[in-house]
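K.L.:
coordinates for the following, if possible.
(chains A and B)
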Amino acid sequence: MTDATVAEAGRDFVRDIIDADRAAGRVGTIVTRFPPEPNGYLHIGHAKSICLNFGVAQEYGGHCALRFDDTNPAKEEQEYIDAIMRDVRWLGYNWGTHLHHASDYFEQLYKWAEHLIERGLAYVDDQTADQIRETRGTLKEAGRDSPFRGRTVDENLDLFKRMRAGEFPNGARTLRAKIDMASGNINLRDPVLYRIIHAEHPRTGKTWSIYPTYDFAHGQSDAIEGVSHSLCTLEFEDHKPLYDWLIEHLPVPSRPRQYEFARLNIGYTVLSKRVLTTLVRDRYVSGWDDPRMPTLAGLRRRGVPPEAIRDFIRRVGVARANSVVDFAMFDFAVREHLNKTAPRRMAVLRPLKVVIENYDGPGEELDAVNHPDDPSQGSRKIPFGREIYIERDDFMEIPPKKFFRLSPGTEVRLRYAYFVTCREVVKDAAGEIVELRCTYDPATRGGNAPDGRKVKATIHWVSATKSLPAEIRLYNQLFTRPDPGAGGDVFADINPNSLEILADARIEPALAQANDEQAIQFERQGYFCRDPDSAPGKPVFNRTVGLRDSYAKA
RNA sequence: UGGGGGAUCGUCUAACGGUAGGACAGCGGACUCUGACUCCGCCAGUCUAGGUUCGAAUCCUAGUCCCCCAGCCA
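P.N.:
Purely as a prediction, here's the structure:
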């Protein structure tokens, strides 16, 4: 992590708590952890947790671990483990030697479970899942004790050993903490600590046939790793009393404290792993890295730089109130970063042919700067000739009052080239405009008129003969409403026009050198990057985000 | 009276009993070889009602609204 990363941090209640803990001498090294379950890909919501945990650790000179919460082999896969590590690194964070897995602690956790049994604080329950649910009570009524709650320590120890040995089928028995079936907090109504799962675990294979639940694994893992501040999202508030109960009753090596913050929500976006998984599985999108996905893999493929994601997270802040961030805030962060870094190129998304009638000769090459505010990026040559393409949107036969671009009789500047004036509109039998006939002013080479005359617009263009064909993919919101699913069915809110493919775009020759993930600004259009779907001679570009367009708005 | 948490410009977020500030969005203007960028300006908020206090977003009381919890998921 760099100093710049540290400077990106803001102030929030988490950092206030840490300051207070340090001032009071309650903590030594600040240790945090990012604890994903490897059952899916990381998304922008995880980025908030990652930036918070790694950011805080860095600021206070501590460290942040990457810990896989791999306690449920039925849902977890190696593919996800690999993807998560790749994405955290890409975001710009490094866990160094602190790579852990809850599964590293299975043996220790097992011993601690026995510890509870020995003290009469846990018991083996033979009830079925249905029976446990029925006897748990409701939100307003107390639960009832399990008939197995009174088993002797020896009997519990024996049964628990046999659960581990694989003697019983899935679901036959559980280990439960003996707390209080009448608690107002349902997490304290004898929560399940271990369940029987006969499945292949990505790391421990078939060694275990019982697995600890999140509640039994998480706090103890924090304690083993010396986590000082265990930061999680709001829905775990109700688990804190159980978290603390376990820490109190177990001989753990440290006393971590849990603090909760609001998860990230963004308008028109879904960050539910269940929904994202379905989107992929049912082919609503092309994969976890579909550029429309809010996953880090999707954002990366779309061309969003990690710096922009970190900046966005910093701008959103960390608080305890539920909120929904306007996606315009995200677009802003992306544009801000890309504007500073992305080299400029010209590409015509929807070409309209223009013939410059008074231009003779073989053509020429003109100079174009690669970045208007960064001379160090140098310049390049762009081929110009008698036939070019301009954007269809840049011509109107009957222009409305505020339309500054090309129309019959008006003069505009071709960026980096010449002033041209439209003389004639050529249409096909159907009345469709197929070509424009223009004239140019040779004296305006380079883009300036010696006589000082001005034009109201500068438009982009490419050579008709020297430009290259390209496919361009424009992305729109994946969902049609700011609160997808609020109407009952998220999948009914999927935007049928979230992907728009422009198969006949033309790009300037310099773009043949573009590589994946290199952000480029197509002047007057937006930021783009080459997609891995590109083939030799058949480049594909993704639009990361469009430029602001105050004309389109008006 | 199940338990837990939260309410500040349209949105996100500061304030820690002492001038309600910033960002995004929006609006207006300047500049411009990108209707971009940049710059300038404007707009706009403390959930309600009482109380304490010289002074309340902050403390107290009573309400209102929103979120989370009844997985052998995390």
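K.L.:
just checking, A:Y551 is part of a strand?
P.N.:
No - counting by DSSP: H, G, I helix; E, B strand; the rest coil, A:Y551 is not found in a strand; it is helix.
K.L.:
could you find the closest non-adjacent residue to it?
P.N.:
Distance criterion C-beta to C-beta, 6 or more residues apart in numbering; nearest residue to A:Y551, sequence neighbours excluded, is A:K402 at 7.4 Å. Yep, even glycine has a C-beta here, placed from its N, CA and C like the rest.
K.L.:
A:H101 now?
P.N.:
Once flanking residues are discounted, A:H101 sits nearest to A:F68: 4.6 Å by C-beta to C-beta, 6+ apart.
K.L.:
gap between that neighbour and A:E397?
P.N.:
Noted for A:F68: a distance of 61 Å to A:E397, by C-beta to C-beta, to the nearest Å.
K.L.:
who has more neighbours out of these two?
P.N.:
Using other C-beta atoms under 10 Å as the criterion, A:F68 and A:E397 rank with A:F68 on top: 23 against 12.
K.L.:
so A:T213 makes contact with A:I197?
P.N.:
No - applying C-beta atoms under 8 Å, one finds A:T213 not in contact with A:I197, separated by 10.6 Å.
K.L.:
is the residue of chain A found nearest RNA strand B in a helix, a strand, or coil?
P.N.:
When scored by C-beta to the nearest atom of the strand, chain A has A:G447 as its residue closest to RNA strand B, at 1.9 Å. Three-state assignment for A:G447 (three-state DSSP): coil.
K.L.:
neighbours of it, how many?
P.N.:
Neighbours of A:G447 (other C-beta under 10 Å): 17.
K.L.:
isn't A:E307 up against A:L338?
P.N.:
No - look at A:E307 against A:L338 with C-beta under 8 Å: they stay out of range, at 9.6 Å.
K.L.:
in the stretch 301-450 of chain A, which spans are strands?
P.N.:
Listed in chain order, the strands of the stretch 301-450 of chain A (DSSP state E, counting those that start in this stretch) span residues A:344-345, A:347-348, A:351-356, A:364-369, A:379-384, A:387-391, A:411-414, A:419-427, A:433-441.
K.L.:
of these, which stretch is the most buried?
P.N.:
Comparing these by mean neighbour count (mean count of other C-beta atoms under 10 Å), strand A:347-348 comes out on top with a mean of 28.
K.L.:
what strands line up against it, and which way round?
P.N.:
Strands that pair with strand A:347-348, judged by DSSP bridges, come out as strand A:499-507 (antiparallel).
K.L.:
partner strands of the very next helix or strand once past the partner strand, with direction?
P.N.:
Counting by DSSP states H and E, the next helix or strand C-terminal to strand A:499-507 is strand A:520-522. Paired neighbours of strand A:520-522 in the sheet (DSSP bridges): strand A:344-345 (parallel), strand A:526-530 (antiparallel).
K.L.:
would JSON lines of those with distance to RNA strand B be doable?
P.N.:
Listed next are these as JSON lines, based on distance: least, C-beta to the nearest atom of the strand, whole Å:
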{"stretch": "strand A:344-345", "distance to RNA strand B": "5"}
{"stretch": "strand A:526-530", "distance to RNA strand B": "9"}
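K.L.:
reformat those into a markdown table and put mean pLDDT next to each item.
P.N.:
Below are those laid out as a markdown table (pLDDT from 0 to 100):
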| stretch | mean pLDDT |
| --- | --- |
| strand A:344-345 | 98 |
| strand A:526-530 | 98 |
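K.L.:
so for A:W288, which of these sits nearest?
P.N.:
A:W288 lies closest, by C-beta to C-beta, to one member of those: strand A:526-530, at 17.8 Å.
K.L.:
wait, doesn't A:L42 sit right on A:D82?
P.N.:
No - A:L42 lies out of contact with A:D82 (C-beta under 8 Å); the separation is 11.6 Å.
K.L.:
those two - which one has more neighbours?
P.N.:
Ranked by neighbour count (other C-beta under 10 Å), A:L42 and A:D82 place A:L42 first, with 25 against 11.
K.L.:
show the pLDDT at the residue nearest to A:G363 when sequence neighbours are not counted.
P.N.:
Using C-beta to C-beta, 6+ apart and skipping residues adjacent in sequence, the residue nearest A:G363 is A:G385, 3.5 Å away. Model confidence at A:G385, given as pLDDT, is 97.
K.L.:
same question for A:A9.
P.N.:
Taking A:A9 on its own, its pLDDT is 53.
K.L.:
repeat that for A:G287.
P.N.:
98.
K.L.:
what's around it, how many residues?
P.N.:
Number of residues near A:G287 (other C-beta under 10 Å) recorded here: 14.
K.L.:
kindly state the domain boundaries assigned to chain A.
P.N.:
As assigned by automatic domain parsing, chain A contains the domains A:6-261, A:347-459.
K.L.:
now the helices: where do they sit in chain A?
P.N.:
Shown for chain A, the helices assigned by DSSP state H span residues A:3-7, A:13-23, A:44-59, A:78-91, A:106-118, A:129-135, A:153-164, A:214-225, A:240-249, A:273-281, A:296-302, A:306-316, A:327-341, A:550-553.
K.L.:
of these, which is nearest A:P375?
P.N.:
helix A:327-341 (13.7 Å).
K.L.:
and that closest one, is it in reach of RNA strand B?
P.N.:
Yes - using C-beta under 7 Å from any atom of the strand, helix A:327-341 reaches RNA strand B at A:A328, A:M329, A:D331, A:F332, A:R335, A:E336, A:N339.
K.L.:
let's have these in TSV, adding pLDDT and neighbour count.
P.N.:
Converted to TSV, the residues of helix A:327-341 next to RNA strand B look like this (pLDDT from 0 to 100; neighbours: other C-beta atoms under 10 Å):
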residue	pLDDT	neighbour count
A:A328	98	10
A:M329	98	14
A:D331	98	17
A:F332	98	17
A:R335	98	20
A:E336	98	14
A:N339	98	15
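K.L.:
let me have the strands of the stretch 301-450 of chain A in TSV, extended by distance to A:W112.
P.N.:
What follows is these, written out as TSV (distance: least, C-beta to C-beta, whole Å):
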stretch	distance to A:W112
strand A:344-345	60
strand A:347-348	61
strand A:351-356	68
strand A:364-369	65
strand A:379-384	65
strand A:387-391	67
strand A:411-414	74
strand A:419-427	79
strand A:433-441	76
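K.L.:
residues in the stretch 201-350 of chain A within reach of RNA strand B, list them.
P.N.:
A:211, A:213-215, A:218, A:234-239, A:262, A:315-326, A:328-329, A:331-332, A:335-336, A:339, A:344.
K.L.:
if we can go back for a sec, for the helices of chain A, which one sits closest to A:I494?
P.N.:
Checking the helices of chain A against A:I494 by C-beta to C-beta gives helix A:273-281 as the closest, at 8.2 Å.
K.L.:
got the CA positions of the closest one in CSV?
P.N.:
The C-alpha trace of helix A:273-281 is given here as CSV (Å, rounded to 0.1, in the frame of the first residue of the first chain):
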residue,chain,number,x,y,z
LYS,A,273,-24.8,-12.5,-3.7
ARG,A,274,-27.9,-14.7,-4.1
VAL,A,275,-29.1,-12.5,-7.0
LEU,A,276,-25.7,-12.0,-8.6
THR,A,277,-25.2,-15.8,-8.6
THR,A,278,-28.6,-16.3,-10.3
LEU,A,279,-27.7,-13.6,-12.9
VAL,A,280,-24.7,-15.7,-13.8
ARG,A,281,-26.2,-19.1,-13.5
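K.L.:
buried sites along it?
P.N.:
Going by neighbour count (16 or more other C-beta atoms under 10 Å), the buried part of helix A:273-281 is A:K273, A:V275, A:L276, A:L279, A:V280.
K.L.:
how many other residues sit next to the nearest residue to the fourth one once chain neighbours are set aside?
P.N.:
Excluding the flanking residues, the one nearest A:L279 by C-beta to C-beta, 6+ apart is A:V285, at 5.1 Å. A:V285 is flanked by 20 other residues according to other C-beta under 10 Å.
K.L.:
nearest residue to A:S463 other than its sequence neighbours?
P.N.:
Among residues not flanking A:S463 along the chain, A:P383 sits closest, at 4.5 Å (C-beta to C-beta, 6+ apart).
K.L.:
does that neighbour touch A:E365 like I think?
P.N.:
Yes - under the criterion of C-beta under 8 Å, A:P383 makes contact with A:E365 at 5.6 Å.
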